[in-house]
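*Asks:* would you be able to build a 3D model of this:
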Amino acid sequence: MLGRWGRDAGSLLGVEITSDSIHMLQVRRHGGRCERVAWALEPFEPFAGGQWWQDPDRVEAALRGAHRRCGGRQRRVAVALPASQVICKLCQLPASQTAAQMEAQLLADADTLFPFPLDDLVIDFHAMGASMGRSGYRDVMVAACRQSTLQPLEALFEAAGLQLDAVEVDSIALRRLLPRPCTGALALLRLEPDGITLHGWMQDGLPQRRELPAHASVERLAEWVANGVQVDEVLVCGAALGEHGRLAELSRQMKVPCRPLPTVAGLDCNDCSLACALALGGLRG
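*Replies:* Residues are numbered from 1 along each chain as shown. The predicted model follows:
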């Protein structure tokens, strides 16, 4: 269940659970563009310094309300875990292996790859293509988390009358919002009322993520840009973006050009970027 990489998930509801609301979105392709089929923002009383699983009934009620607002019949949903809760690694496996053989080898090597007990391990993988460093091998992106992390999510959506069909890594899902083709190395900065999150990607595709409270100085992220992932430009989105004048200030603080996140096939994802990314990943046809 972890990942699914958006390939076989079908037309899903993308769902993001924030500290004070549910974002729910469904999209479709129409005339070569993408458009919203259903959209809901369902607020709830924010948690005071805690997480949603401390009071799942509150979030369950909000999920039910969001689904009613959407008004559709779709009950299959996609959600994302923060990259900080998932371990992603790039492995090299023989190119001759089938998907079943790759899975068997990754499970056999899991005790050396991941610091989780095997009985609490969930993995998913995606073949990236031929390995540049090893002839006859291909690069495989592997994501792993604890089953005990997924169980509360599964229980929450089931209680709300929804089916959790796909779980992705937030940074990996958000990457599909980047313009194609990319010119230079891009990062995505999400500005939300409850926090600031910078998503970056290494050359091999591995995600990197830094999160700050909303009141923190963005200049702290500039240190990560300078010393971590190489970034040529930052795309900015989020409910707290505000007026365009803030982009110039962000560019100055981060010492890298910043501009608004462009539309994706005509779809404006600025106000609900993660829900959009999840819905786009579950789009067929």
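
*Asks:* could you report the pLDDT at residue 9?
*Replies:* Per-residue pLDDT puts residue 9 at 36.

*Asks:* where does the stretch 1-150 of the chain have low pLDDT?
*Replies:* Across the stretch 1-150 of the chain, residues meeting the criterion (pLDDT under 70) sit at 1-10, 48-50.

*Asks:* quick one: the helices in it, in order.
*Replies:* When secondary structure is read from DSSP state H, counting those that start in this stretch, the stretch 1-150 of the chain shows helices at 56-70, 99-108, 110-113, 147-159.

*Asks:* identify the residues contacting the shortest one?
*Replies:* Translated: helix 110-113. Residues outside helix 110-113 that contact it (C-beta atoms under 8 Å, 6 or more residues apart in numbering): 89, 91, 106, 116, 118, 121, 123, 142, 144. In short, each C-beta sits where N, CA and C put it, glycine included.

*Asks:* need those in a markdown table with neighbour count and distance to residue 233, can you?
*Replies:* Compiled in a markdown table, the contacts of helix 110-113 are given as follows (neighbours: other C-beta atoms under 10 Å; distance: C-beta to C-beta, whole Å):
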| residue | neighbour count | distance to residue 233 |
| --- | --- | --- |
| 89 | 15 | 27 |
| 91 | 18 | 30 |
| 106 | 20 | 35 |
| 116 | 19 | 36 |
| 118 | 9 | 42 |
| 121 | 18 | 37 |
| 123 | 19 | 33 |
| 142 | 21 | 29 |
| 144 | 21 | 31 |
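
*Asks:* just the ones in strands from those, please.
*Replies:* 89, 91, 121, 123, 142, 144 (DSSP state E).

*Asks:* contacting residues around the spatially most central residue of the chain?
*Replies:* In the chain, the C-alpha closest to the average C-alpha coordinate belongs to residue 170, at a distance of 1.7 Å (C-alpha atoms, centre = their mean). Residues in contact with residue 170 (C-beta under 8 Å, 6+ apart) are 80-83, 199, 209, 274.

*Asks:* what's the local residue count around the nearest residue to it once chain neighbours are set aside?
*Replies:* Distances taken as C-beta to C-beta, 6 or more residues apart in numbering place residue 80 nearest to residue 170, at 4.1 Å, with adjacent residues excluded. As a burial measure, the neighbour count of residue 80 was computed by other C-beta atoms under 10 Å and equals 25.

*Asks:* before we move on, what about the one 3 residues further on?
*Replies:* Counted with other C-beta under 10 Å, the neighbours of residue 83 add up to 23.

*Asks:* care to break the chain down by domain?
*Replies:* Each structural domain of the chain that the record assigns through the TED database is listed here as a residue range: 13-82+148-172+272-282, 83-146, 180-260.

*Asks:* make TSV out of the ones you listed and add distance to residue 266.
*Replies:* Formatted as TSV, the entries for these read as follows, by distance: least, C-beta to C-beta, whole Å:
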stretch	distance to residue 266
domain 13-82+148-172+272-282	4
domain 83-146	27
domain 180-260	14
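
*Asks:* would you mind finding the most buried of the ones you listed?
*Replies:* Each of the domains of the chain was scored by mean neighbour count; the highest is domain 13-82+148-172+272-282, a mean of 19, by mean count of other C-beta atoms under 10 Å.

*Asks:* span of it from start to end?
*Replies:* Between the opening and closing residues of domain 13-82+148-172+272-282 we find a distance of 8 Å, counting by C-alpha to C-alpha, to the nearest Å.

*Asks:* equivalent analysis for stretch 92-108, please.
*Replies:* One end of stretch 92-108 to the other measures 14 Å (C-alpha to C-alpha).

*Asks:* residues touching it, excluding its own?
*Replies:* Defining contact as C-beta under 8 Å, 6+ apart, one finds that stretch 92-108 is touched by 91, 113, 118, 123, 125, 127, 130-131, 133-134, 136-140, 142.

*Asks:* at 6 Å instead, please
*Replies:* Contacts of stretch 92-108 with the rest of the structure, by C-beta atoms under 6 Å, 6 or more residues apart in numbering, involve 131, 134, 136-138, 140, 142.

*Asks:* which one of those residues is nearest to residue 174?
*Replies:* Out of those, the one with the shortest distance to residue 174 is residue 142. That distance is 19.0 Å, counting by C-beta to C-beta.

*Asks:* correct me, but residue 166 touches residue 78?
*Replies:* Yes: counting by C-beta atoms under 6 Å, residue 166 touches residue 78, with 4.1 Å between them.

*Asks:* pass me the low-pLDDT residue ranges in the stretch 151-285 of the chain, would you?
*Replies:* Along the stretch 151-285 of the chain, the parts satisfying pLDDT under 70 run over 228-229, 243-244, 284-285.
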